[in-house]
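Novice: Kindly generate the corresponding structure for this input.
(one chain, ligands or ions: 1)
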Amino acid sequence: MTEPGPILRVDDPFSGEIVCELPLASEAEAMACVDRAAAAQRAWARVPLRERVELVRRFGDALTARREEVARDITRQMGKPITEARGEVGTCVARAAHMASIAEESLADERLPEKSGFERFIAREPLGVVVDVAPWNYPLLTAVNVVAPAVLAGNAVVLKHASRTPLCAGHFARAFREAGAPEGLVEALVAGHEVVAKVVARPEVALAALTGSNAAGREIHRAASQRLLPVVLELGGKDAAYVAEDADLAFAVANVIEGAFYNAGQSCCGVKRIYVHARWYADFVAGALVSARNFTPGDPAAEGTTLGPLATPEAPRELEAQVGEARARGARVLCGGERAAVSGKGRFFLPTLVEGAPKDAAIVQEESFGPVAIVERVKDDEEALERMNASRYGLSASVWTRSEERAVALGRELATGTVYMNRCDFLDPALPWVGWKQSGLGLSLSRHGLLALTRPKSFHLRVKTG
Ligand code: NAP
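Specialist: Coordinates of the predicted model:
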């Protein structure tokens, strides 16, 4: 009789009840998973692109048909309010549909200008098996950014989800199967880090994608570098918003605060640093304190809840430490700054705004993965730019202004992969999602994201020999 292997247990961040218990794959089971994916991929690469597009569309239908079940599983595993979890299912389907809609044009052969006696074109070939390691904060959206384009481009995917949201990988695999995908095309893997490193070492694996923390990104990069394997790393952020002298203040307050506290602030591109022109500073803070009250802790399974519990047990302590250090160094806590519970349940952290934190404090420099943001007064655009760029992260930045010219001028100087005007905390699948500096390596979404999951093949044909 073989010994039972280790079990992954996931607790509900609100009730503390066990949501699921899943066996962690042994090395042999993980290798079998790669074998299935590799076999599926060899056949999938020959399937016409039009049929791949159809499969991804049907995947969206299959996920939509189970929207309520998938949304409830997200809420039970990581505490996202149920209305937002349902929204995530819808956005995931829309994102997959967008990638499907651009696949044929993006992946078409690129014909070069005529050269006498020669035919030359560049084809985009699938890579093979793509390993995708996903985080829990947007468990569907982060995964679909890789899974949908990978499948469209002719790859198979082994999806290793966060140990907080393992059921989400199962939902992807099942929806693809229900959509008619061949066995092994999208595999859900529940495994520990060491087994993932062994999977990455397999020669059939052609790219490792990871969305998660900087530390995790470096680990996967190290494992991948042993084989000179390409990586796509979507990592952390410390995104800044600048409310300029000509901002529509009421609009800026409502949207910046939503960008800071939506999903309990557990967003890679959530607003974490708010710089406000001196003209508006007092009014902005007054408005922000009112808007912050829209985010009240509640049972995430209840309709209308706006602030769920934090997903991980460590998070409240980490946020408290950041706020505590800032306070000890002279910063003022304008609201929140402490834990909360609802009927004695849940690991909540109250929406928190801190002003006057020293520039080198952890709350200014380190990622705050919760509803915590700093707010500071700046005298002009120049100072705003300097403060916004004073970060080792570079995911996104937003400028709140009535002037497109100002937004673009500042945007050209901002060291981030995305620049928004009067918008924040948002991904548009038509645009590349790319982290600068320590926020990532490579990119996803848009035609560039599709191409990143292929390799070019140059056809250099002498068509006339006489
Ligand atoms: P995390 O702890 O880094 O985990 C992310 C994923 O990586 C999980 O599946 C995790 O597995 C896995 N992982 C961690 N260390 C690993 C290792 N050594 N080898 C193999 N796999 C490893 O991050 P998280 O707490 O889930 O998510 C929050 C982070 O993700 C934040 O930093 C956030 O900014 C970032 N994020 C970035 C983006 C973006 O698009 N740039 C989007 C969303 C989130 P386990 O759970 O089993 O440890």
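Novice: Near the ligand, which residues of the protein are found?
Specialist: 133-138, 142, 160-163, 193, 196, 210-213, 216, 219-220, 234-237, 268, 367, 369, 395, 435, 440 (Cβ under 6 Å from any ligand atom). C-beta coordinates here come from the backbone N, C-alpha and C atoms, glycine included.
Novice: List the ones among those residues that fall in helices.
Specialist: 142, 193, 196, 216, 219, 220 (DSSP state H).
Novice: Count the residues that sit near the residue lying closest to the third one once chain neighbours are set aside.
Specialist: Using Cβ to Cβ, 6 or more residues apart in numbering and skipping residues adjacent in sequence, the residue nearest residue 196 is residue 160, 5.6 Å away. The burial count assigned to residue 160 is 28, neighbours taken as other Cβ atoms under 10 Å.
Novice: what sits against residue 160?
Specialist: Contacts for residue 160 (Cβ atoms under 8 Å, 6 or more residues apart in numbering) come out as 131, 132, 133, 134, 169, 189, 190, 191, 196, 199.
Novice: Pairing partners for it in the sheet, please.
Specialist: residue 133, residue 189 (DSSP bridges).
Novice: Let me see the contact set for residue 449.
Specialist: Residue 449 sits next to 99, 145, 149, 432, 433, 443 when contact means Cβ under 8 Å, 6+ apart.
Novice: neighbour-wise, which of the residues you listed leads?
Specialist: residue 149 (32 neighbours).
Novice: which residues touch that one?
Specialist: Residue 149 makes contact with 99, 103, 444, 445, 449, 450, 453, according to Cβ under 8 Å, 6+ apart.
Novice: next one: residue 20
Specialist: The neighbourhood of residue 20, defined by Cβ under 8 Å, 6+ apart, consists of 9, 10, 77, 166, 167.
Novice: let's see it at 6 Å
Specialist: By Cβ atoms under 6 Å, 6 or more residues apart in numbering, the contact set of residue 20 is 10, 167.
Novice: Test of understanding: give the bridge partners of it.
Specialist: Here residue 20, judged by DSSP bridges, has bridge partners residue 10.
Novice: Make residue 1 into 47 and carry on from there
Specialist: Sounds good: first residue 47 from here, last item residue 66.
Novice: Can you check the pLDDT for it?
Specialist: If you check residue 66, the pLDDT there is 98.
Novice: now it: how far from residue 155?
Specialist: The gap separating residue 66 from residue 155 is 45 Å, by Cβ to Cβ, to the nearest Å.
Novice: Residue 63 now?
Specialist: With distances taken as Cβ to Cβ, residue 63 is found 54 Å from residue 155.
Novice: Please identify which of the two sits among more neighbours.
Specialist: Between residue 63 and residue 155, counting by other Cβ under 10 Å, residue 155 is the more crowded of the two (11 against 8).
Novice: which stretches of the stretch 47-196 of the chain form strands?
Specialist: 53-57, 64-69, 156-157, 164-172, 175-179 (DSSP state E, counting those that start in this stretch).
Novice: Excluding sequence neighbours, find me the nearest residue to the closest residue to the ligand within the stretch 47-196 of the chain.
Specialist: The nearest approach of the stretch 47-196 of the chain to the ligand comes at residue 181, 3.2 Å away (Cβ to the nearest ligand atom). Spatial nearest neighbour of residue 181, chain neighbours left out: residue 258 (4.5 Å); criterion: Cβ to Cβ, 6+ apart.
Novice: Can you name the residue of the protein nearest the ligand?
Specialist: Counting by Cβ to the nearest ligand atom, the chain gets nearest to the ligand through residue 258 (2.5 Å).
Novice: So that residue sits against residue 182, correct?
Specialist: No. The pair residue 258 / residue 182 is not scored as a contact, 9.1 Å apart, by Cβ atoms under 6 Å.
Novice: In the stretch 147-296 of the chain, where is pLDDT below threshold?
Specialist: Within the stretch 147-296 of the chain, no stretch has pLDDT under 70.
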